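Visitor: 3D, please:
(one chain, ligands or ions: 3)
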Amino acid sequence: MTNSNKPTIIQHPIVARDLTILRESTTKTADFRVAMARIATILAYYALKDLPLREIEVDTPITRTTGYQIDQKIVIVPILRAGLSLVDAIIDFVPDAKVGHLGMYRDETTHQPVDYYSNMPEDLDKALVLLVDPMLATGGSADDAIDFLQNSGAENIRFISLISAPEGLERISNKYPDVPIITAAVDEKLNDNAFIVPGLGDAGDRYFGTHS
Ligand SMILES: O=P(O)(O)OC[C@H]1O[C@H](OP(=O)(O)OP(=O)(O)O)[C@H](O)[C@@H]1O
Ligand SMILES: O=c1cc[nH]c(=O)[nH]1
Ligand SMILES: [Mg+2]
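Guide: Ligands and ions are numbered 1, 2, ... in the order given. Below is the predicted model:
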(Lines give C-alpha, C1' and ligand atoms only; values in the text may rest on other atoms or scores of the structure.)
(Ligands and ions follow the chains in the order given, each with its own letter.)
Protein backbone atom coordinates (compact mmCIF):
# COMPACT_ATOMS: atom_id res chain seq x y z
CA MET A 1 0.00 0.00 0.00
CA THR A 2 1.48 3.35 -0.96
CA ASN A 3 1.79 6.04 1.64
CA SER A 4 -1.14 8.33 1.21
CA ASN A 5 -3.48 10.36 3.31
CA LYS A 6 -6.43 9.29 1.18
CA PRO A 7 -8.37 6.58 3.02
CA THR A 8 -9.16 3.26 1.38
CA ILE A 9 -12.93 2.94 1.61
CA ILE A 10 -14.03 -0.66 1.20
CA GLN A 11 -17.09 -0.98 -1.00
CA HIS A 12 -18.59 -4.45 -1.09
CA PRO A 13 -22.17 -5.73 -0.96
CA ILE A 14 -21.46 -7.86 2.12
CA VAL A 15 -20.01 -4.80 3.88
CA ALA A 16 -23.07 -2.71 2.98
CA ARG A 17 -25.42 -5.42 4.28
CA ASP A 18 -23.44 -5.98 7.50
CA LEU A 19 -23.03 -2.28 8.20
CA THR A 20 -26.82 -2.03 8.08
CA ILE A 21 -27.13 -4.84 10.66
CA LEU A 22 -24.60 -3.07 12.87
CA ARG A 23 -26.31 0.32 12.55
CA GLU A 24 -29.81 -1.00 13.35
CA SER A 25 -30.41 -0.21 17.02
CA THR A 26 -32.60 -3.30 17.61
CA THR A 27 -29.90 -5.75 16.46
CA LYS A 28 -29.23 -8.29 19.23
CA THR A 29 -25.74 -8.72 20.67
CA ALA A 30 -25.27 -12.13 19.01
CA ASP A 31 -26.17 -10.81 15.55
CA PHE A 32 -24.06 -7.71 16.13
CA ARG A 33 -21.03 -9.90 16.88
CA VAL A 34 -21.56 -12.09 13.82
CA ALA A 35 -21.87 -9.08 11.50
CA MET A 36 -18.82 -7.46 13.08
CA ALA A 37 -16.75 -10.63 12.62
CA ARG A 38 -17.70 -10.89 8.94
CA ILE A 39 -16.99 -7.25 8.17
CA ALA A 40 -13.72 -7.45 10.11
CA THR A 41 -12.63 -10.31 7.83
CA ILE A 42 -13.20 -8.15 4.76
CA LEU A 43 -11.38 -5.17 6.30
CA ALA A 44 -8.48 -7.46 7.25
CA TYR A 45 -8.36 -8.93 3.74
CA TYR A 46 -7.92 -5.47 2.23
CA ALA A 47 -5.50 -4.28 4.92
CA LEU A 48 -3.24 -7.27 4.19
CA LYS A 49 -3.61 -7.41 0.44
CA ASP A 50 -0.08 -6.25 -0.42
CA LEU A 51 1.91 -8.18 2.19
CA PRO A 52 5.40 -9.04 0.97
CA LEU A 53 5.96 -12.70 0.08
CA ARG A 54 9.01 -14.96 0.19
CA GLU A 55 9.32 -17.73 -2.40
CA ILE A 56 9.79 -21.28 -1.21
CA GLU A 57 9.91 -24.64 -2.92
CA VAL A 58 7.28 -27.24 -1.99
CA ASP A 59 6.69 -30.79 -3.12
CA THR A 60 3.13 -31.54 -4.15
CA PRO A 61 2.22 -35.22 -4.50
CA ILE A 62 2.99 -34.72 -8.21
CA THR A 63 6.03 -32.48 -8.48
CA ARG A 64 8.19 -29.77 -6.96
CA THR A 65 6.79 -26.24 -7.38
CA THR A 66 7.17 -22.68 -6.14
CA GLY A 67 5.10 -21.57 -3.15
CA TYR A 68 4.97 -18.54 -0.88
CA GLN A 69 5.25 -17.58 2.75
CA ILE A 70 4.39 -14.19 4.19
CA ASP A 71 7.60 -12.25 4.66
CA GLN A 72 6.43 -9.70 7.21
CA LYS A 73 6.22 -9.62 10.98
CA ILE A 74 2.78 -8.39 11.99
CA VAL A 75 1.63 -6.80 15.22
CA ILE A 76 -2.08 -6.15 15.75
CA VAL A 77 -2.88 -3.38 18.21
CA PRO A 78 -6.53 -3.05 19.27
CA ILE A 79 -7.59 0.10 21.10
CA LEU A 80 -9.54 -1.36 24.04
CA ARG A 81 -12.22 -2.22 24.36
CA ALA A 82 -14.01 -1.96 21.05
CA GLY A 83 -10.87 -2.68 18.99
CA LEU A 84 -10.94 -6.25 20.31
CA SER A 85 -13.90 -6.90 18.00
CA LEU A 86 -11.58 -6.75 14.97
CA VAL A 87 -8.64 -8.82 16.25
CA ASP A 88 -9.79 -12.41 15.67
CA ALA A 89 -10.50 -11.84 11.98
CA ILE A 90 -6.93 -10.65 11.39
CA ILE A 91 -5.48 -13.52 13.44
CA ASP A 92 -7.41 -15.95 11.22
CA PHE A 93 -5.33 -14.71 8.28
CA VAL A 94 -2.00 -14.37 10.11
CA PRO A 95 -2.08 -16.78 13.07
CA ASP A 96 1.48 -15.95 14.14
CA ALA A 97 0.79 -12.21 14.48
CA LYS A 98 1.62 -10.69 17.86
CA VAL A 99 -0.98 -8.60 19.66
CA GLY A 100 -0.24 -5.45 21.65
CA HIS A 101 -3.01 -3.89 23.74
CA LEU A 102 -3.71 -0.20 24.21
CA GLY A 103 -6.31 0.66 26.85
CA MET A 104 -8.03 3.96 26.21
CA TYR A 105 -11.49 5.34 26.85
CA ARG A 106 -13.01 8.60 25.82
CA ASP A 107 -14.00 10.90 28.66
CA GLU A 108 -17.75 11.40 28.29
CA THR A 109 -17.63 15.14 28.98
CA THR A 110 -14.41 16.32 27.39
CA HIS A 111 -14.34 13.60 24.68
CA GLN A 112 -10.59 13.39 25.24
CA PRO A 113 -8.98 9.93 25.34
CA VAL A 114 -7.80 8.67 28.73
CA ASP A 115 -5.02 6.04 28.66
CA TYR A 116 -5.25 3.23 31.20
CA TYR A 117 -3.15 0.33 29.89
CA SER A 118 -0.50 -0.65 27.39
CA ASN A 119 1.35 -3.87 26.72
CA MET A 120 3.36 -4.08 23.50
CA PRO A 121 5.45 -6.87 22.02
CA GLU A 122 9.13 -6.16 21.28
CA ASP A 123 10.54 -5.08 17.92
CA LEU A 124 7.69 -2.82 16.85
CA ASP A 125 10.20 -1.18 14.52
CA LYS A 126 10.47 -4.33 12.40
CA ALA A 127 6.73 -5.01 12.17
CA LEU A 128 3.76 -3.95 10.17
CA VAL A 129 1.60 -2.58 12.98
CA LEU A 130 -2.14 -2.84 12.38
CA LEU A 131 -3.90 -0.43 14.73
CA VAL A 132 -7.57 -1.40 14.94
CA ASP A 133 -10.64 0.35 16.33
CA PRO A 134 -14.14 0.20 14.85
CA MET A 135 -14.90 3.88 15.45
CA LEU A 136 -12.91 6.95 14.34
CA ALA A 137 -14.89 9.90 15.72
CA THR A 138 -12.96 13.03 16.77
CA GLY A 139 -9.76 11.09 16.09
CA GLY A 140 -8.42 11.80 19.58
CA SER A 141 -8.00 8.12 20.47
CA ALA A 142 -6.38 7.17 17.16
CA ASP A 143 -4.13 10.24 17.36
CA ASP A 144 -2.88 9.30 20.83
CA ALA A 145 -2.51 5.65 19.81
CA ILE A 146 -0.44 6.42 16.71
CA ASP A 147 1.70 8.87 18.67
CA PHE A 148 2.30 6.19 21.31
CA LEU A 149 3.17 3.55 18.70
CA GLN A 150 5.60 5.85 16.89
CA ASN A 151 7.26 6.79 20.19
CA SER A 152 7.53 3.05 20.88
CA GLY A 153 9.47 2.58 17.64
CA ALA A 154 6.76 1.61 15.13
CA GLU A 155 7.62 2.84 11.64
CA ASN A 156 5.06 1.03 9.51
CA ILE A 157 1.54 1.59 10.85
CA ARG A 158 -1.85 1.03 9.21
CA PHE A 159 -5.11 2.03 10.84
CA ILE A 160 -8.24 -0.05 10.36
CA SER A 161 -11.49 1.66 11.30
CA LEU A 162 -14.95 0.32 10.57
CA ILE A 163 -16.85 3.64 10.58
CA SER A 164 -15.09 6.99 10.29
CA ALA A 165 -16.32 10.53 10.79
CA PRO A 166 -14.96 13.17 8.39
CA GLU A 167 -13.53 15.06 11.41
CA GLY A 168 -11.45 12.11 12.59
CA LEU A 169 -10.33 11.17 9.10
CA GLU A 170 -9.12 14.68 8.41
CA ARG A 171 -7.26 14.85 11.71
CA ILE A 172 -5.44 11.54 11.29
CA SER A 173 -4.72 11.80 7.58
CA ASN A 174 -3.31 15.33 7.94
CA LYS A 175 -1.21 14.61 11.02
CA TYR A 176 -0.03 11.16 9.89
CA PRO A 177 0.24 11.16 6.09
CA ASP A 178 2.32 7.96 6.26
CA VAL A 179 -0.38 5.98 8.06
CA PRO A 180 -2.80 4.43 5.54
CA ILE A 181 -6.40 4.28 6.76
CA ILE A 182 -8.69 1.42 5.76
CA THR A 183 -12.35 2.00 6.54
CA ALA A 184 -15.75 0.63 5.53
CA ALA A 185 -17.71 3.88 5.77
CA VAL A 186 -17.24 7.62 6.00
CA ASP A 187 -20.33 8.89 7.79
CA GLU A 188 -21.90 12.32 7.76
CA LYS A 189 -20.66 14.11 10.87
CA LEU A 190 -20.30 14.10 14.67
CA ASN A 191 -23.19 15.13 16.91
CA ASP A 192 -22.94 17.44 19.94
CA ASN A 193 -21.80 14.49 22.04
CA ALA A 194 -19.05 13.65 19.51
CA PHE A 195 -20.86 10.48 18.42
CA ILE A 196 -20.77 9.53 14.75
CA VAL A 197 -23.95 10.31 12.76
CA PRO A 198 -25.55 8.03 11.64
CA GLY A 199 -22.92 5.69 13.15
CA LEU A 200 -23.94 2.70 15.23
CA GLY A 201 -23.87 4.12 18.75
CA ASP A 202 -21.23 2.97 21.22
CA ALA A 203 -19.36 0.14 19.51
CA GLY A 204 -17.84 -1.27 22.71
CA ASP A 205 -21.15 -1.32 24.56
CA ARG A 206 -22.99 -2.93 21.66
CA TYR A 207 -20.29 -5.57 21.07
CA PHE A 208 -19.83 -6.48 24.74
CA GLY A 209 -23.47 -6.03 25.81
CA THR A 210 -22.77 -3.28 28.36
CA HIS A 211 -24.16 0.22 28.81
CA SER A 212 -22.23 3.46 29.21
O1 LIG B 1 -12.21 9.25 17.79
P2 LIG B 1 -12.61 9.42 19.24
O3 LIG B 1 -13.42 10.66 19.45
O4 LIG B 1 -11.44 9.33 20.18
O5 LIG B 1 -13.63 8.24 19.58
C6 LIG B 1 -13.39 6.93 19.21
C7 LIG B 1 -13.13 6.07 20.41
O8 LIG B 1 -14.33 5.91 21.17
C9 LIG B 1 -14.63 4.53 21.33
O10 LIG B 1 -14.06 3.99 22.47
P11 LIG B 1 -14.71 4.25 23.93
O12 LIG B 1 -14.15 5.48 24.55
O13 LIG B 1 -16.19 4.18 23.81
O14 LIG B 1 -14.15 3.03 24.76
P15 LIG B 1 -14.59 1.50 24.73
O16 LIG B 1 -13.97 0.90 23.51
O17 LIG B 1 -14.03 0.95 25.99
O18 LIG B 1 -16.09 1.45 24.69
C19 LIG B 1 -14.02 3.93 20.08
O20 LIG B 1 -13.87 2.54 20.17
C21 LIG B 1 -12.75 4.69 19.93
O22 LIG B 1 -11.67 4.16 20.70
O1 LIG C 1 -20.00 7.15 17.55
C2 LIG C 1 -19.11 6.78 18.35
C3 LIG C 1 -18.08 7.64 18.79
C4 LIG C 1 -17.16 7.17 19.65
N5 LIG C 1 -17.23 5.89 20.08
C6 LIG C 1 -18.20 5.05 19.66
O7 LIG C 1 -18.24 3.86 20.05
N8 LIG C 1 -19.13 5.52 18.81
MG1 LIG D 1 -17.26 2.67 24.04
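Visitor: Tyr176 reaches Leu149, doesn't it?
Guide: No - between Tyr176 and Leu149 there is no contact under Cβ atoms under 8 Å: 10.1 Å. C-beta: built from backbone N, CA, C; applies to glycine.
Visitor: and for those two, which residues touch both?
Guide: Shared contacts of Tyr176 and Leu149 (Cβ atoms under 8 Å, 6 or more residues apart in numbering): Ile157.
Visitor: distance of the spatially closest residue to Ile181 that is not a sequence neighbour relative to Ile74?
Guide: Once flanking residues are discounted, Ile181 sits nearest to Pro7: 4.1 Å by Cβ to Cβ, 6 or more residues apart in numbering. Pro7 sits 21 Å away from Ile74, going by Cβ to Cβ, to the nearest Å.
Visitor: for Gly168, same thing?
Guide: Look at Gly168 and Ile74: by Cβ to Cβ, they are 24 Å apart.
Visitor: so these two - more neighbours on which side?
Guide: Gly168 (27 against 19; other Cβ atoms under 10 Å).
Visitor: partner strands of the helix or strand hosting Leu131, parallel or antiparallel?
Guide: Using DSSP states H and E, Leu131 falls within strand 128-136. Using DSSP bridges, the strands paired with strand 128-136 are strand 74-80 (parallel), strand 156-164 (parallel).
Visitor: who wins for proximity to ligand 2 among those?
Guide: In terms of Cβ to the nearest ligand atom, the element of those nearest to ligand 2 is strand 156-164, at 7.4 Å.
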